[in-house]
Every structure is written in C-alpha cells, then in structure tokens.
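**Student:** here is my input; please provide its structure:
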Amino acid sequence: MAAAPPSPLLRAALLATIAAFVFNLETVLVKLMTEVPVATILLARTLGQVAWVLPAWSREGMGLLRTRQPLMQGLRGVLSFVSWGLYYVGFARLPLATATVLSFTSVLFVTALAGPLLRERVGRRRWMATLAGFLGVLLVVRPGVLPIGWPLAASLGSALFGAGIVLTTKALARTERTETIMLYIGLIATAGTLPLALPGLAWPGWTNFLLLVGAGLLGPAGMHLWINALRLADASAVAPISYVRLIFAAAAGALLFAEAVDGWLLAGAALIVGSAIYITRQGGK
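**Tutor:** Next up, the predicted model:
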C-alpha cells in the first residue's frame, strides 16, 4: 500500500525550513563583506530579485505584470524596501545569532494580525506556542544586556515591517503568481534603492563583488521558497518555522565569526524550535 502524501502543513514546514537556511546563508555573506555600504548591499538584493524572474519575464513579457491587486503589490514592494534596508544594518553590525533572534519578534505581530486582517483561525494552543517561542527569544536576548543603539533599533524595525511582508504576501498568494509577486517587489524596491545607492556606488573588489552577487541571488531564492510555503498553510502557522534560523545562525556565528554560544542561547533555542515544531503539529487549534 502506497504511503500517504505529506500534508500541506508538513510540506509548508519543510519549505519554510529550507528558506530559513537560505536566508541565513545570505546574512553570512553580508557579514563577510568588508567596507561595503548598506545601500550597495540593498541594491544587489533588489537587482537579484529582478534577475531571479528574468527567465519568466522574457517568456511572458508584460503579461507577467498583470495583477488583480496593484495596490497590495505596491505596498508589498515598499515594505520590502524598508525592511530589507533595516535588516542589513542590523545583520552587518550585530552578532549573527542576536540579529536573527531580534527578527523573530515579527512572529508576534503576524499571529496577532493574521486573524483580523487575513481572517485566519488562530487558536489558543497556537497562541501559547507562539508566546513560548517569544519567551525563548527573551532567554537569548536577556533584556538589559544588549546596548541600545541604531543597529538594535534597525533590527526591531525590520521585524515590524517584516510582519507586514508576511501578511501582504499571504494575501497576494491567494490570487497572484509567485513570479509576479517577486517581479513587483524587485521593481519597486530597486526604484527606491537607486537614489540611495548611486551616489556612493564604487567597485568593491572582486571578493566583495562575488559576495554581493551571492547574497543578491540567495535572497530571492529564499523568498521563492517562503512564498510557496505560505500558499500551503496559514501565515500564523508558517511564520514561527523561521525560528530554526537561530540554529543556523548560532552555528555560523561560532564557526565563522567566533561569536560565543552560551547556555542562555542553547536554552532559548531549544524553546524556540520546540514551539515551532509544536505549532506545525497543532494546525489551527
């Protein structure tokens, strides 16, 4: 007797986990760059977004721009532009695991807003698991330990706009193709980035150039996986899966940047990943 195919929620969890690994690899490349302006990194990311969908654009032409939700596409592009810029500031200047943890605060916004905005069912158990995951975040950050500064504020701001990205992506995924969503994001974010990047644009050297190309392509690859995960399950169920990025970030930080991994980080990571796994098993309960 043939085995039953994986459930949509399980497939969504797998895609979201792979996306988390890809996004973490992108931030590793960003941290490996030396003396590259954040605006240049952001431009590489937005151009990589456009390059990712060029094959589909060349086949279909202007038909790829056809959308039922032009205003939502515009909002999604603006949210990406702002969130990505703040995101790179945080990851360039904070320890990899710390910046990753701060990005997880967006999950609370997603869970709180998925019901009223997307009309998704967010049950008591999922709320409890999400709050347990946030407790794990607090164990890692330990309020009062981190100095207050622009990188910290940028990371929190990126998380706030990132919640909007999740919600608008879920709304768009109901009617729009993945390639169309990604093309609009790339075009709008590039238009916003060019005025910031062009004045300081200069040849970064071959090493930084290759890192920029890699980061620019890994970002949209992770997004492609993420959007398809959101097609398969509720945003409030998929979003907490990004917690597994902490495991990848802690390992990369320790191995590549000599960033300490202490008991608080391990305890928080266990709670975070445990809550993410629990949520995938509970569905909408």
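**Student:** in the stretch 151-285 of the chain, mark out all the helices, start to finish.
**Tutor:** In the stretch 151-285 of the chain, the helices defined using DSSP state H, counting those that start in this stretch lie at 178-197, 206-232, 235-238, 245-257, 263-282.
**Student:** out of the ones you listed, which one sits most buried?
**Tutor:** Of the helices of the stretch 151-285 of the chain, the one with the most neighbours on average (mean count of other CB atoms under 10 Å) is helix 235-238, at a mean of 27. Heads up, the C-betas are built off the backbone N, CA and C, glycines and all.
**Student:** pLDDT weak spots in this structure?
**Tutor:** 1-5, 107-108, 111-120, 122, 143-148, 235-236, 277, 279-285 (pLDDT under 70).
**Student:** quick one: the strands in it, in order.
**Tutor:** Counting by DSSP state E, the chain has no strands at all.
**Student:** show me what contacts Arg142?
**Tutor:** Trp264 (CB atoms under 8 Å, 6 or more residues apart in numbering).
**Student:** pipe the helices of the stretch 151-285 of the chain into TSV and attach distance to Ala171 per row.
**Tutor:** Formatted as TSV, the helices of the stretch 151-285 of the chain follow (distance: least, CB to CB, whole Å):
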stretch	distance to Ala171
helix 178-197	10
helix 206-232	10
helix 235-238	9
helix 245-257	24
helix 263-282	21
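**Student:** with Val36 as the reference, name the closest of the ones you listed.
**Tutor:** helix 206-232 (5.3 Å; CB to CB).
**Student:** packing partners of the closest one?
**Tutor:** helix 8-32, helix 38-52, helix 150-173, helix 178-197, helix 235-238 (3 or more CB pairs under 8 Å, 6 or more residues apart in numbering; DSSP states H and E).
**Student:** could I get these as a markdown table with distance to Val213?
**Tutor:** As requested, those are exported to a markdown table (distance: least, CB to CB, whole Å):
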| stretch | distance to Val213 |
| --- | --- |
| helix 8-32 | 9 |
| helix 38-52 | 7 |
| helix 150-173 | 23 |
| helix 178-197 | 15 |
| helix 235-238 | 29 |
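**Student:** tell me the most buried of these?
**Tutor:** helix 235-238 (a mean of 27).
**Student:** which one of the helices and strands packed on helix 206-232 lies nearest to Leu255?
**Tutor:** Here helix 8-32 is closest among these (CB to CB), at 9.8 Å.
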